[in-house]
Each structure stands twice: as C-alpha cells, then as structure tokens.
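Sequence first, then the predicted structure:
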There are 2 protein chains.
Amino acid sequence: MDAAKPLRADARRKREAIVACARERFAEGTFSDLRFDDFAGLAGVGVGTLYRHFPTREALAEAVFHGEVVALLARARELRDTLPAAEALASFLRDMVDYLDVHRGLAQTLAALMATRASTLAEGSQELERAVLEMVDTATEDGAIRRDVDGGAVMMALHGIGAAHDRPNWRAEADGLITLLIAGLAVR
Amino acid sequence: MDAAKPLRADARRKREAIVACARERFAEGTFSDLRFDDFAGLAGVGVGTLYRHFPTREALAEAVFHGEVVALLARARELRDTLPAAEALASFLRDMVDYLDVHRGLAQTLAALMATRASTLAEGSQELERAVLEMVDTATEDGAIRRDVDGGAVMMALHGIGAAHDRPNWRAEADGLITLLIAGLAVR
DNA sequence: CGACGATATGGAGACAATCTCCACTTGTCA
DNA sequence: TGACAAGTGGAGATTGTCTCCATATCGTCG
C-alpha cells in the first residue's frame, strides 16, 4: 500500500512541512476557510508543490487524519487487552468523546469533508470503524451486550457526535448519548 | 418574522418556481453539484433574480427545508395528542427514520450544508428540535423515561443518522440506533 | 569531484464558479 | 393611461482552483 515510493530526501521534508502546517490549521479550525493557494504560502511551499503532494484538499485531510487514527487505534487495542469486552467498549466510547472534545477543530473539519464527498477519508475512517466493530462483536460474543443491534449503529452515533460540534452544550449531550448507547446495549 | 413583505404578484410566481425546482434537485440529490448559474437557467429565471430571492445556496435550502419541517411537525403533534409520551417519542423517532429514508437526497444535502456552515438552516431545524425536545421533556415528566439525559442527545443521534446516508446498510443501522436509544431511555 | 539525468519546485496565468450592478421590463395604483 | 415603484436578466468583475513548464536541486556514477 505504500511501496513503490522512494521519495527524494528534500521532497519528503516539504511534504512533512505541509502536513504539519495542515495539522495546525485543523486544530484551530481554519482549514476549510483557507484559500488553498494561501495555505501553500503558509506552509512555505509553492502552489505547484502543494498540488504535487496532495492533489485535493481531501487528500491532505486524509494524511492528517491518518496520523490521528493511529493513536486512537493504539488506545483501542490497549483497552481490549486489559478489560472485559463490554467495559472496553464503554471506555473506548467515553475516550472518543474526550478525544473529539479536545480535537474539535479536526472533528468538525472531517465531518464537513465527509458530508460533502463521501469518499476519500475512507482509508482512515474504515480503520477506525473496523476497531469499533471488532469491540462490539467481541462484546456480543461474550454475551455482554445485546445481539440484535450491530456495531454500525454505534458508528452512526459517533458520527453524529463528531458532526454536531457546533451545538451549544455539546459535551453534555455527547456524554448523554454515550450513556444512552451503553444502557441500550446492555442485555436486559 | 414574515411581515413587511407584500411581494409583487409576478415576483411571487418566480420565487415559487425557484423553490419548486430546488425541491426537485434536492430529491434527486443534484442540488449541491449544480452550478448556481445553471440552476437559475433550470428554474427559468436569470441569475440576478435567483440571487435577489436567495442570496446564498443555504438560504434556498432553508426555504425548501422549511416546507418539509411543517409536515414533520404536524406528525409530531398528532402523535403527542394520541399516544402516551414515551410511545409518542418512540413512534416519532421511527417515523423520522422512514422520512429520512424516503427523502435521502434532501437529508444528505442538508447534512452537508449544516456541516459546512453551521448557521443558516437554524430556522427550520430549531423548530424541529423544539418539537423533539418537547416530546422528550413530556416523557421525562411522566416518569416514562430516565431523567439524567436530555433531549439534545437524541438530536445528536438523529443528526448522525441523517448525515451518514452513504453507509452501505444505512437503514438497518439507523433502525438499530433508534432501538438503542429507546432501550437506553427506558427507566430501569 | 564534476557533471548529467532524474526528480522536485514555484508561481504566472488559464480556467471555473460566484456574485454584483444596472439598463430595461413589468405590475400596480390613482 | 401615465408614471413610479418593484422586479428582471445577464454581461462582466471578482475570487478561488488548478495546470504547466522553465528553473533549481538531488544523488549517483565515471
């Protein structure tokens, strides 16, 4: 998947500079407002270079996103290995809210991008989704949660949480939703 | 809110033609892909006229959306008057999924617009939100559902459902999420 | 180490979409 | 019916995206 690219030394430096700069814009929420040309200037490269490395805005977003997903996946794995399935899932969902709270700029931007063009964020979000689904499945097999609802429903809820970042008391509502999910998932 | 506008006879005809045309584009999902200028042509008006009536794409979306909301509100009211609070809420949520399923083009487009610019859909969505919150509150007062989670959480979930329309088996997942919500809301 | 091919760079300008402006048309009222 | 307010359409200004290529830099091999 990432073979066939021995990228020249200096080129890589530029590439990284771009991603780093993008990450900052993400964090402060200015990413989508910024003219792409101006962004190039900000990152200290020419427009041509920017387009060479990332042909579209989404491609760039993907690169940043991917880095973040790696961290979340590590967290998921850790929980899975140290807690019973149902608790691991619950903790992970809570952690996701924390994460989305701290990285709200990123969450917001990603949500906007996903909404406009389904496609390209696929790579990273699929990986994340796979992790969530796996936790749900494990918990289901353990008999720790109900069998008649699949993990996709949980993903939808997370999607909603990430997308609704403009709501005035987001945090409380997000926590509430997670509470509902966990309660709803419990076997009766 | 809509006083001070004795809009001239022919002007109103044009305005309605625009909204009607927009509704169709919404339904078939082409709304956001269409160049605004071309849209004007499609609706049989000049660009200037289009802009006069709807200064932004969102303003136009709002107009269409508003019409839809009216129907949903009627449904909400009907349920509220004929069923116990908890059941009314459950039915309404199920109905919302049906609605979003049938009007997926609209749901998708609205989700995309809400994600990019928080603001303007406000009018319609607030009205809808008010209805949902009211149902939740009533149910809470009846002691029919738990007290520690507020209606905003439910709104977030709906938001997720509306936004995730590209998921391969959306319908099943959406139903699942509603099931989780209802189960989660039940008092123990 | 020199020098040559491959690789990468930056930004000028082609292109595309949005939006403004105003000369002209149409409705309305006395 | 005349006259004035209200509304219209579309040419073109404005603003952002993306391509293209002359130039610069890397790295490797004699």
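Right, received. Where do you want to start? Nothing here was measured: the structure is a model prediction, and the numbers come from that model.

Give me the domain ranges for chain A.
What automatic domain parsing lists as the domains of chain A is A:1-55, A:57-185.

Can you give me the buried ones in stretch A:40-47?
A:40, A:42-43, A:45 (16 or more other CB atoms under 10 Å in any protein chain shown). From N, CA and C alone the C-beta is placed, and that goes for glycine too.

actually stretch A:139-159, not the one I typed
Neighbour counts over stretch A:139-159 (16+ other CB under 10 Å) mark A:139-140, A:144-146, A:149-159 as buried.

and residue A:68, how many neighbours does it have?
Applying other CB atoms under 10 Å in any protein chain shown, we find 18 residues neighbouring residue A:68.

Next, the buried residues of the helix or strand where it lies.
Secondary structure assignment for residue A:68, by DSSP states H and E: helix A:57-82. Using 16+ other CB under 10 Å as the test for burial, helix A:57-82 gives A:57-58, A:60-65, A:68-69, A:72, A:75-76, A:79-80.

which of the buried residues of stretch A:139-159 are close to chain B?
Contacts with chain B within those, as defined by CB under 8 Å from any CB of the partner chain: A:146, A:149-150, A:152-159.

for residue A:167, phi and psi?
With angles defined as degrees, to the nearest 10, residue A:167 sits at phi -70, psi 140.

in the next helix or strand along the chain from the helix holding residue A:68, what counts as buried?
Next helix or strand after helix A:57-82 toward the C-terminus (DSSP H and E): helix A:85-102. By 16+ other CB under 10 Å, the buried positions in helix A:85-102 come out as A:85-86, A:88-93, A:96-97, A:99-100.

Equivalent analysis for stretch A:127-142, please.
Neighbour-count burial for stretch A:127-142 [16+ other CB under 10 Å]: A:128-129, A:131-132, A:134-136, A:138-140.

distance between that stretch and the chain's centre?
With CA atoms, centre = their mean, to the nearest Å as the basis, stretch A:127-142 stands 16 Å off its chain's centre.

Likewise for stretch A:51-61?
17 Å.

ok so, going back, can you list the domains of chain A in JSON lines and add distance to residue B:170?
Listed next are those as JSON lines, based on distance: least, CB to CB, whole Å:
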{"stretch": "domain A:1-55", "distance to residue B:170": "25"}
{"stretch": "domain A:57-185", "distance to residue B:170": "8"}
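
Compile those into TSV and extend it with columns for distance to residue B:14 and mean pLDDT.
Listed next are these as TSV, based on distance: least, CB to CB, whole Å; pLDDT from 0 to 100:
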stretch	distance to residue B:14	mean pLDDT
domain A:1-55	33	92
domain A:57-185	29	92
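
where does residue A:148 land in three-state SS?
Using DSSP: H, G, I helix; E, B strand; the rest coil, the structure places residue A:148 in coil.

what about the residue of chain A found nearest DNA strand D, how many neighbours?
Nearest residue of chain A to DNA strand D: residue A:9, at 2.8 Å (CB to the nearest atom of the strand). Other residues near residue A:9 come to 7 when the count uses other CB under 10 Å.

ditto for residue A:17
For residue A:17, the count of nearby residues is 14 (other CB under 10 Å).

What separation do you get for the nearest residue to it once chain neighbours are set aside and residue A:96?
Nearest non-adjacent residue to residue A:17, counting by CB to CB, 6 or more residues apart in numbering or on different chains: residue A:43, 5.7 Å away. Separation of residue A:43 from residue A:96 (CB to CB, to the nearest Å): 29 Å.

that older thread, how about the helix holding residue A:68 against chain B, any contact?
No - using CB under 8 Å from any CB, we find that helix A:57-82 stays clear of chain B, coming within 12.4 Å at best.

which of the buried residues of stretch A:40-47 are close to DNA strand C?
Contacts with DNA strand C are made by residue A:45 out of the buried residues of stretch A:40-47, judged by CB under 7 Å from any atom of the strand.

still on that earlier bit, of all pairs in the buried residues of helix A:57-82, which one spans the longest distance?
A:57 and A:80 (33.9 Å; CB to CB).

circling back: and the buried residues of helix A:85-102, which is closest to residue A:5?
Top of the list for closeness to residue A:5, among the buried residues of helix A:85-102 and by CB to CB, is residue A:99 at 30.1 Å.

Now do the contacts for the closest one.
Contact analysis of residue A:99 by CB atoms under 8 Å, 6 or more residues apart in numbering or on different chains lists residue A:72.

Please report the distance of it from residue A:73.
Using CB to CB, we find residue A:99 at a distance of 12 Å from residue A:73.

again, but for residue A:180
25 Å.

which parts of chain A sit against chain B?
A:32, A:111-112, A:114-116, A:118, A:146, A:148-150, A:152-161, A:163-164, A:166-167, A:169, A:172-174, A:176-177, A:179-185, A:188.

Show me what residue of chain A gets nearest to chain B.
At 2.3 Å from chain B, residue A:160 is the closest residue in chain A, using CB to the nearest CB.

That residue - nearest residue in space that isn't next to it in sequence?
Take residue A:160 and drop its neighbours on the chain: the residue closest to it by CB to CB, 6+ apart is residue B:160, 2.3 Å away.

Thank you kindly, that will do.
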